[in-house]
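> Here is a sequence with its predicted model. Questions after.
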Amino acid sequence: MAKVRTRFAPSPTGYLHIGGLRTALYGFLWSKKHGGDFILRIEDTDTARYVEGSVQIIYDTLRDSGIMYDEGPDVGGDFGPYVQSERKNIYTEYAKKLVELGGAYYCFCTPERINGLKDQDGNMKYDKHCLKLTKEEIEEKIKNGEPYVIRQNVPTEGRGSYHDLVYGDISVDYKDIEDGILIKSDGMPTYNFANVVDDHLMGITHVIRGTEYLSSTPKYNLMYDAYGWERPTYIHLPPIMKDAQHKLSKRNGDASYEDFVNKGYVKEAIVNYIALLGWSPKTNVEKMSLNELIENFSLEGINKSPSIFDETKMKWLSGEYIKDMTDEELVEKADKFFKQSKVYGKYDLKKIASLLKTRIEIYSEIPEKINFLEEFGEYELSLFYHKKMKTDAEIAKLVLPKARKAIAELKEFTFDSVHDTLMELVAKLGLKNGQVFWCVRVAISAKESTPGGVMELAELLGKEETLRRLDFSIQLLNK
Ligand code: GLU
């Protein structure tokens, strides 16, 4: 088998949306699974849709997410240029060749004539009017500077068929395919032409892209056949939906990879989740590194039906990644979010990370979870109420002064010493563990829930601050 070569061919029309990244990821996984090459090609021939800066976003996103390409505009390769606007001469040459081969023809029809062919709904099927022009007539018109386009010459009868590795046998009647424009009047190719020429010249073996191209592929095959080129293998991917009715799309402003990174999702989790959008592994294991994805990826696992983007699931997966991080890793990866908190520079972040690890799913939850370490003041006494633990402000009134006294007497203020002191108090007061621990924890945090229990918090705050907070809470209870 020839070396597998896949490509990601985005149009630089804005940020890289989740669907685009999934296409890139599957192309990457498929090539790497076979020890092949993954190529990035920028499809920028539609100048009207070009958005400044979006090529850089494509480079940055692919690099940042680990979907690295072997060849591309900014890394080079033997099959360049990898930007379509730099390949104009190549398309002109191949278009002329296709005309000679009978697969395309020059069309000089004016916009007025074309408009006249449109039906009430604005649809039109070109009537092959210019196909009958003689070679001399064509040369004459070109010499006179008449504007023209080059159109594909699609047969009027018969069917175009091919086998898609996901969707199976696909067949389209040629009479339903329009003689589409291959080269526009400004000399630029359309996607319909450039994708064929480039995929062939770049040696692409597997074309992996969205289902929106499933039914136009027969017209691309006509060109491969006309040139006598081998058709690539096609793998079309199911759409990604926001809900049952709506496709996930950047035009609707749906979130991109970058947005999710900014929202505090673990990058590896985003990539991992995107892999599961339209593909399921044979095993039940869903958390997979990029290398494990390469290993497990298979075409049989690709679903034909659309998949629904489930942010809650992606959040869960992000949490699973955080759980498996070392404290150092969490501190490093979530640096930006620790910086946004009030505790940055004031506490041992590794210690905080060890408490947070099992309690957050995305990094952006961090500030809100730990700011209480630096922010403490008036709170509702109802926080002391806990039905199951049978505790409330009255119990707190009883517990806190005694806890304060015992803690103040501690020579060594550690997790264990605080624990033992509180346990002694439990015995002395004849209360349940939960009653004492809950009251003291609330009293020093002013929070219903905290990362870590009373001992961890006391240790972080230190003896002095713990006592100060206990005093404050005792006063509050006696107001
Ligand atoms: N430029 C096309 C797009 O962004 C690429 C389609 C393809 O992969 O062939 O949809």
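In hand now; what should we look at? Residues are numbered from 1 along each chain as shown.

> Point me to the residue of the stretch 351-479 of the chain nearest the ligand.
Of all residues in the stretch 351-479 of the chain, I362 sits closest to the ligand, at 28.9 Å by C-beta to the nearest ligand atom. Backbone N, C-alpha and C define where each C-beta goes, glycine included.

> contacting residues for that residue?
By C-beta atoms under 8 Å, 6 or more residues apart in numbering, the contact list for I362 reads K263, G264, Y265, V266, K315, S318, G319.

> three-state assignment of G462?
On the three-state scheme (DSSP: H, G, I helix; E, B strand; the rest coil), G462 is labelled helix.

> Renumber starting at 30 from here on
Done: numbering now begins at 30, and the last item shifts to G491.

> Surely it and T443 touch.
No: using C-beta atoms under 8 Å, G491 is not in contact with T443, being 11.0 Å away.

> neighbours of the nearest residue to Y408 once chain neighbours are set aside, just the number please.
Closest residue in space to Y408, ignoring its immediate chain neighbours: A475 at 4.0 Å, by C-beta to C-beta, 6 or more residues apart in numbering. By other C-beta atoms under 10 Å, 19 other residues sit near A475.

> and A475, what pLDDT?
Reported pLDDT at A475 in the predicted model: 97.

> Please report how far it lies from T450.
21 Å (C-beta to C-beta, to the nearest Å).

> do the same with L162
The separation that L162 has from T450, given C-beta to C-beta, amounts to 99 Å.

> Which one's more surrounded, those two?
More crowded of L162 and T450, by other C-beta under 10 Å: T450, with 22 against 16.

> Just give me the neighbour total for the closest residue to the ligand within the stretch 180-329 of the chain.
Across the stretch 180-329 of the chain, the shortest distance to the ligand (C-beta to the nearest ligand atom) belongs to R238, at 3.4 Å. Counted with other C-beta under 10 Å, the neighbours of R238 add up to 20.

> give the contact list for the residue lying closest to it once chain neighbours are set aside.
Excluding its sequence neighbours, the residue lying closest to R238 (C-beta to C-beta, 6+ apart) is T52, at 6.0 Å. Counting by C-beta under 8 Å, 6+ apart, T52 touches F37, I237, R238, G239, L266.

> quick one, phi psi at the last one?
The one in question is L266. Reported as degrees, to the nearest 10, the phi and psi values for L266 are phi -110, psi 140.

> was I right about it contacting I237?
Yes: using C-beta under 8 Å, L266 is in contact with I237, at 6.7 Å.

> and the stretch 180-329 of the chain, which of its residues are near the ligand?
Residues of the stretch 180-329 of the chain lying near the ligand by C-beta under 6 Å from any ligand atom: Y220, N224, R238, Y242.

> Tell me who's in contact with the closest residue to the first one other than its chain neighbours.
Read that as Y220. Closest residue in space to Y220, ignoring its immediate chain neighbours: E72 at 6.4 Å, by C-beta to C-beta, 6+ apart. Neighbouring residues of E72 by C-beta under 8 Å, 6+ apart: A38, P39, S40, P41, Q113, Y220, A223, N224.

> Could you dump the residues you listed into a markdown table and include pLDDT, neighbour count and secondary structure?
Shown next, in a markdown table, are the contacts of E72 (pLDDT from 0 to 100; neighbours: other C-beta atoms under 10 Å; DSSP: H, G, I helix; E, B strand; the rest coil):
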| residue | pLDDT | neighbour count | secondary structure |
| --- | --- | --- | --- |
| A38 | 98 | 25 | coil |
| P39 | 96 | 22 | coil |
| S40 | 94 | 18 | coil |
| P41 | 94 | 21 | coil |
| Q113 | 97 | 24 | helix |
| Y220 | 96 | 17 | helix |
| A223 | 98 | 25 | helix |
| N224 | 98 | 24 | helix |
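
> quick one on the thing from earlier: ok, now how distant is the residue nearest to R238 from V314?
In terms of C-beta to C-beta, T52 sits 24 Å off from V314.

> which one is R116 nearest to, not counting chain neighbours?
Here the residue nearest R116, using C-beta to C-beta, 6+ apart, is P110, at 5.8 Å.

> quick one: that neighbour from the ligand, how far?
According to C-beta to the nearest ligand atom, to the nearest Å, P110 stands 16 Å off from the ligand.

> burial measure for that residue, as a count.
14.

> How about N400?
For N400, the count of nearby residues is 15 (other C-beta under 10 Å).

> nearest spatial neighbour of the residue sitting furthest away from the middle of the chain, skipping sequence neighbours?
Distance from the C-alpha centroid of the chain, by C-alpha atoms, centre = their mean, peaks at K457 (56.4 Å). Once flanking residues are discounted, K457 sits nearest to K431: 7.6 Å by C-beta to C-beta, 6+ apart.

> And the helix or strand hosting the one you found, what's buried?
Using DSSP states H and E, K431 falls within helix 422-437. For helix 422-437, a neighbour-count test (16 or more other C-beta atoms under 10 Å) marks A422, I424, A425, K426, L427, V428, L429, K431, A432, R433, A435, I436 as buried.

> of all the residues in the stretch 30-179 of the chain, which ones are close to the ligand?
Applying C-beta under 6 Å from any ligand atom, one finds that the stretch 30-179 of the chain approaches the ligand through A38, P39, S40, E72.

> Which of those sits closest to S318?
Closest approach to S318 among those (C-beta to C-beta): P39, at 24.5 Å.

> For that closest one, list the residues it contacts.
By C-beta under 8 Å, 6+ apart, the contact set of P39 is L45, G49, A53, I71, E72, I87.

> which one among these gets closest to the ligand?
The ligand lies nearest to E72 out of these, by C-beta to the nearest ligand atom, at 3.7 Å.

> what's the neighbour count on the closest residue to the ligand within the stretch 330-479 of the chain?
Nearest residue of the stretch 330-479 of the chain to the ligand, counting by C-beta to the nearest ligand atom: I331, 15.7 Å away. Using other C-beta under 10 Å, I331 has 20 neighbouring residues.

> That one against W308, yeah?
Yes: counting by C-beta under 8 Å, I331 touches W308, with 5.1 Å between them.

> Report the set of residues contacting both of the two.
Y55.

> Report the set of residues contacting both of L266 and I237.
With C-beta under 8 Å, 6+ apart as the test, L266 and I237 both reach T52, Y55.

> Strands of this protein, start to end?
Per DSSP state E, the chain carries strands over the ranges 34-37, 66-69, 133-136, 178-181, 188-193, 197-202, 210-212, 235-239, 262-266, 269-270, 336-337.

> Let me have those strands in CSV, extended by mean pLDDT.
CSV is the format used below for these (pLDDT from 0 to 100):
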stretch, mean pLDDT
strand 34-37, 98
strand 66-69, 98
strand 133-136, 98
strand 178-181, 98
strand 188-193, 98
strand 197-202, 97
strand 210-212, 97
strand 235-239, 97
strand 262-266, 98
strand 269-270, 92
strand 336-337, 94
